[in-house]
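S.K.: predicted model, plus sequence, below.
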Amino acid sequence: MSSILPGYEYDIFVSYRQKDNKGERWVSEFVDALKTELDSTFKEEISVYFDINPHDGLLETHDVNDSLKEKLKCLVFIPIISQTYCDPGSFAWEHEFKAFLKQAARDRFGLKIKLTGGNVASRILPVKIHNLDPEDKSLLESEMGGVLRPIEFIYKSSGVNRPLKPNDSRTENLNHTYYRDQINKVANSVKEIITGFKIFDIQKIESPSEKVSSANLPEAVSAKNFKLRIAIWSFIIIGLLVSGYFLQSALFKTSHNPVDKSIAVLPFKNMSNDPEQEYFSNGMMEEILNHLFKIGGLKIPSGTSSMRFKGSQLSVREIARELGVSYVLEGNVSRSGDNVRIIVRLINGKNEQLLWTEDYKSAMTAVNLFEIQSDVAEHVADRMMVVINPEVKKRIEAIPTKNTEAYTLFLQTWTEYLQFDEAKSKLERAILLDSGYADAYAGLAYYWLNEGGVVGNLGREQILEKAEPLMKKAVQLNNNSVVVHSTMAILRLWYFWDFESVEKELTIFKQLNPSNSDLEYFISDYLLASGKFREALHFAENALDRNKKLDNWIDLGLAYYFNNQPDKSLKTIETANKLFPDHRWVKRTEIKILVGQEKFDKAIAQFESYSPDIDVNKLIPFLLGHMGIAYFRTGKKSHSGLFLNELIARSRKSVGGSPSFFAAAVYTSMGEKEKAMEFLEKAYTDHEVEMYWLKVEPLFRPLHGDPRFEDLLLKIGFK
């Protein structure tokens, strides 16, 4: 018996493990009961495919013939979900469940069908007969691309986990389910889905172009009614002609407005049951993201934007809406000994339809991992109708290192920020294993730069002695590495205040990674510090439009601030406060703007709500400086003196956080220009990172025109 819809072999395909039908033959009994219920639910005959002797065993022995592939062409797929069903080594899982997922995603209806009430249902209708282990539930949900919502046939009591039987007592079953009712639920769900198919098909085949003639009209239809129908059809035809004109115009315009090609890569799930492998699942997500960044024409939220949805219970549709994308790529990763398995799924973010999925199983080697990453990127581009030019394809398929241990060491340091000594040890080991691994050299240089510029444990000369040779080697090995060029931009800005070189490196970075938004904060920072305020504002507005992440809200608030638009500046930061409540960077930015606008009382109120227990030892120089100014200008000189003294003490020990720079800012607000210049000279001599802001920082406006200040700007490199 064939399906009630043309093009399909069966209406229902029942998939199960052979071992779940032994003994009391629960599955056979379920199918018989379902067929009886379907007879009383449908007017038509509903065909059910059920193999009484299904294949089972190891995948290596499987020979999937064409007849099974044809039988999988069904409207509804019912997997009997048991403790043994979710097994990648079983025939039912690999060649029925996963095969149907792929096949349904490609047919004219897709994996999900719209029901009569407007809701959407999956064509996979799970029947669950056991409570599942968490990893099996996660595997199922990751394959299906959504939360598992089965119809349960489980008998529950203390210590019992077995299928519900027809003669089980409802009162003794803790779930209080009744076998007959559950069978009815399955049949009604099947009816809803198949009705959705019929409505979809009718809408597709109905056409207003049928010929109207008197021969086709019932005798009861009068000539007047016939003329009326002709008039209506004439009106419709004219309407179609008119709409066709506008449709042609619309299609012409569409060629200038490409289909939305926005996609988010969500954090991959770690399925290894080993928290120590979290870096690996994060690394695979980041690496696939980096491959997609190389492809132009895509709108992709940054990794930091996507990472906040790790472990989220939101649906794919909700996440896509929040990130402002049309497509979502998700997956999971598991490692077992020397083997790795990576499952990826491309999903339509608007209707949650599965568009493409792949299950990669391979030996755990660097070469295999890079090949998987590039294969995923190329498949995604193909599905999103993006053409990859040969040069970009070559870069995507490049193998940075063939040494697996070196690659995993790099992933550990690059996806999980480590303490300096631990990161240094791992990256040095990676270089020892592969002396030609450019990213490892650049990664180690980055940690040295951070140790000096941010942590402040080392002076400039000590940092450059270590970092420059590493960067020179990295550039020689791979001048197409985005890690190399992004690190070089930081080196040239922080340690040389060389705006021209920074711009050159950022240009190369964008050429290599046209869809990457991860360095937007750095670019906005650079534009503002170099005095390109209008350009910075334009960049920040576009960046926020592309990607509404925390950094972009802060960048736009600062851009308005430097462009002398105080109301817009504070309003933007207030919005960021609502979206990211109590986030320290938002609070710090708000304090900076309030102090710059001389709204000192408000700045103090924000600071004291943000840090009620004022312990100067725990405050960064940024806050010590801005609040030292605010307290001084509101007459609280004891507080101001406390903050200033802490800055002075720190400036004698470390350059981390630029303490001399902020001490100079406090002295400037006090009108003590000599002291301010003294500490600015010290900040210059110590090469404090914050000095590249000196030209544009509003806190130093009282010093503008002073020959010593202007000379200092020239020495830094400002024209």
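M.R.: In hand now; what should we look at?
S.K.: quick one, strands of the stretch 1-150 of the chain?
M.R.: 10-15, 48-49, 74-81, 112-114, 120-122, 127-128 (DSSP state E, counting those that start in this stretch).
S.K.: mind putting those strands in a markdown table, mean neighbour count and distance to Phe100 included?
M.R.: From N, CA and C alone the C-beta is placed, and that goes for glycine too. Output for those, formatted as a markdown table (neighbours: other Cβ atoms under 10 Å; distance: least, Cβ to Cβ, whole Å):
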| stretch | mean neighbour count | distance to Phe100 |
| --- | --- | --- |
| strand 10-15 | 24 | 7 |
| strand 48-49 | 20 | 11 |
| strand 74-81 | 25 | 5 |
| strand 112-114 | 20 | 13 |
| strand 120-122 | 17 | 11 |
| strand 127-128 | 23 | 15 |
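S.K.: nearest to His95, out of those?
M.R.: strand 10-15 (9.5 Å; Cβ to Cβ).
S.K.: tabulate the strands of the stretch 1-150 of the chain (a markdown table), appending distance to Ala467 and mean pLDDT.
M.R.: What follows is those, written out as a markdown table (distance: least, Cβ to Cβ, whole Å; pLDDT from 0 to 100):
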| stretch | distance to Ala467 | mean pLDDT |
| --- | --- | --- |
| strand 10-15 | 58 | 94 |
| strand 48-49 | 65 | 92 |
| strand 74-81 | 55 | 94 |
| strand 112-114 | 52 | 83 |
| strand 120-122 | 53 | 83 |
| strand 127-128 | 57 | 94 |
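S.K.: could those be laid out in JSON lines, adding distance to Thr304?
M.R.: Output for the strands of the stretch 1-150 of the chain, formatted as JSON lines (distance: least, Cβ to Cβ, whole Å):
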{"stretch": "strand 10-15", "distance to Thr304": "40"}
{"stretch": "strand 48-49", "distance to Thr304": "47"}
{"stretch": "strand 74-81", "distance to Thr304": "36"}
{"stretch": "strand 112-114", "distance to Thr304": "31"}
{"stretch": "strand 120-122", "distance to Thr304": "31"}
{"stretch": "strand 127-128", "distance to Thr304": "37"}
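S.K.: nearest to Val666, of those?
M.R.: Nearest of the strands of the stretch 1-150 of the chain (Cβ to Cβ): strand 120-122, 60.0 Å.
S.K.: contacting residues around that closest one?
M.R.: Strand 120-122 is contacted by residues 111-115, 144, 146, 189, 192-193, 196, 351-352 when judged by Cβ atoms under 8 Å, 6 or more residues apart in numbering.
S.K.: where's the dip in pLDDT among those?
M.R.: For those, the model is least confident at Gly146; its pLDDT is 70.
S.K.: so how far is Arg170 from it?
M.R.: Gly146 is 30 Å from Arg170, where distance means Cβ to Cβ, to the nearest Å.
S.K.: neighbour count: the two, which is higher?
M.R.: Using other Cβ atoms under 10 Å as the criterion, Gly146 and Arg170 rank with Gly146 on top: 19 against 13.
S.K.: my read: that one touches Ser315, true?
M.R.: Yes: Gly146 is within contact range of Ser315, at 6.6 Å (criterion: Cβ atoms under 8 Å).
S.K.: show me what contacts Ile288?
M.R.: 265, 329, 344, 373, 376-377.
S.K.: picking up where we left off before, which one of the contacts of strand 120-122 sits closest to Lys19?
M.R.: Met144 (22.7 Å).
S.K.: ok, now which ones touch the closest one?
M.R.: Contacts of Met144 by Cβ under 8 Å, 6+ apart are 101, 122, 124, 354.
S.K.: buried subset of those, written for PyMOL?
M.R.: This is how PyMOL selects the buried members of the contacts of Met144, with burial counted by 16 or more other Cβ atoms under 10 Å:
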select buried, resi 101+122+124+354
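S.K.: low-confidence ranges in the protein?
M.R.: Residue ranges of the chain with pLDDT under 70: 1, 54-66, 117-118, 200-259, 417, 453-454, 456, 517-518, 611-613.
S.K.: where along it do the strands fall?
M.R.: 10-15, 48-49, 74-81, 112-114, 120-122, 127-128, 151-152, 154-157, 160-163, 263-265, 269-270, 327-336, 339-348, 354-363 (DSSP state E).
S.K.: dump these to TSV, plus distance to His687.
M.R.: Compiled in TSV, the strands of the chain are given as follows (distance: least, Cβ to Cβ, whole Å):
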stretch	distance to His687
strand 10-15	67
strand 48-49	74
strand 74-81	63
strand 112-114	59
strand 120-122	59
strand 127-128	64
strand 151-152	66
strand 154-157	68
strand 160-163	66
strand 263-265	38
strand 269-270	41
strand 327-336	42
strand 339-348	44
strand 354-363	47
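S.K.: out of these, nearest to Asp525?
M.R.: The nearest among the strands of the chain, by Cβ to Cβ, is strand 263-265 at 24.4 Å.
S.K.: related to what we said a few turns ago, now for the strands of the stretch 1-150 of the chain, which one comes closest to Ser336?
M.R.: Here strand 74-81 is closest among these (Cβ to Cβ), at 23.0 Å.
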